[in-house]
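Just need the structure, nothing else, for what follows:
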Amino acid sequence: MCGARARHERRTRSAEARGEPVQEEHRVIDPSTEELITTVPAATPQDVDAAVVRAAAAQRRWAAL
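Numbers count the residues shown, from 1 in each chain. Next comes the predicted model:
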């Protein structure tokens, strides 16, 4: 099981235990064989906001080098 899938399964179990809705998944397909590689969780608006905050902080650190 790939890391993304394992993380998703942990999040899913945690969300279910808290009574929260489980988020949508995206299928990752190998374009050369059209086989399913894995599924990964879809990002929520909160996930995107958090990623933008982390990216902005990282950019400032890189710019300071």
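
rest of the way, CA atoms for contacts and neighbours
Fine.

Quick one: mean pLDDT for the strand or helix carrying S14?
Using DSSP states H and E, S14 falls within helix 3-17. Helix 3-17 carries an average pLDDT of 70.

Following the chain onward from that helix, which element is next?
By DSSP H and E, the next helix or strand past helix 3-17 is strand 25-29.

Given that next one, what are its sheet partners and their directions?
Paired strands of strand 25-29, with direction, are strand 36-41 (antiparallel) (DSSP bridges).

mean confidence score for stretch 52-65?
Mean predicted lDDT for stretch 52-65 stands at 95.

Does S32 fall in a helix, a strand, or a coil region?
coil (DSSP: H, G, I helix; E, B strand; the rest coil).

tell me the contacts of it?
By Cα atoms under 8 Å, 6 or more residues apart in numbering, the contact set of S32 is empty.

try the one 5 residues further on
When contacts are counted by Cα under 8 Å, 6+ apart, I37 touches 27-30.

any idea how far A56 is from R10?
27 Å (Cα to Cα, to the nearest Å).

cool, and S32?
35 Å.

what's the answer for A63, then?
Distance of A63 to A56, given as Cα to Cα: 11 Å.

what about these two, which has more around it?
A56 (11 against 7; other Cα atoms under 10 Å).
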